[in-house]
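Novice: I would like the atomic coordinates for the input below:
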Amino acid sequence: MERTLIIIKPDALQRNLVGEIVSRFERKGLKIIGMKMYELDDLKLDEHYAHHKDKPFFSNLKKFMKSSPIILMVLQGPEVIQACRLLCGSTKGVEADAGTIRGDLAMTNLNLVHASDSLKTAKKEIHLFFNEDELFDYKKIDSLMVYEEGVDS
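Specialist: Residues are numbered from 1 along each chain as shown. Have a look, this model is predicted:
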């Protein structure tokens, strides 16, 4: 079963959109197996955003991500990475499709959420922010109404 990391960013927290964002993932039928509020430091940001380290916007990105706590979630489900990427929408809010989190709620690169882009990235990101004992294995009673027979969340 696939897992992915979702980061609900400072702009979502400050704009009181956390519940709306979590609700969209829940309504899709995705299973929350880990969730916590977290305050980022330079070490975690440098590791998480290593691919942006040499870009001119990196210092502003770090400042923004440290401006308030974030919400971290690990979601699980069949093809959860693709599902979450579609729910989030394009990176730039004004270009994101209506009906997506970013399309409905964001205008710029202050885009409310991060979603892992691949299985490899998801495993790395989950490990960066969660210990194994912070992730929960449980049966969701709505799985029979969300997934086809033989598919378990």
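Novice: pLDDT weak spots in this protein?
Specialist: 150-153 (pLDDT under 70).
Novice: show me where it has its strands.
Specialist: Applying DSSP state E to the chain gives strands spanning 2-8, 31-38, 70-77, 113-115.
Novice: the first one pairs with which strands?
Specialist: If you go by DSSP bridges, strand 2-8 pairs up with strand 70-77 (antiparallel), strand 113-115 (antiparallel).
Novice: from the chain's centroid, how far away is that strand?
Specialist: The chain centre lies 4 Å from the centre of strand 2-8; the measure is C-alpha atoms, centre = their mean, to the nearest Å.
Novice: rewinding a little: could I get the strands of the chain in JSON lines, plus columns for distance to residue 132?
Specialist: Every residue, glycine included, has its C-beta placed from N, CA and C. Putting the strands of the chain into JSON lines (distance: least, C-beta to C-beta, whole Å) gives the following:
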{"stretch": "strand 2-8", "distance to residue 132": "12"}
{"stretch": "strand 31-38", "distance to residue 132": "10"}
{"stretch": "strand 70-77", "distance to residue 132": "11"}
{"stretch": "strand 113-115", "distance to residue 132": "21"}
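Novice: quick one: closest of those strands to residue 121.
Specialist: Closest approach to residue 121 among those (C-beta to C-beta): strand 2-8, 8.3 Å.
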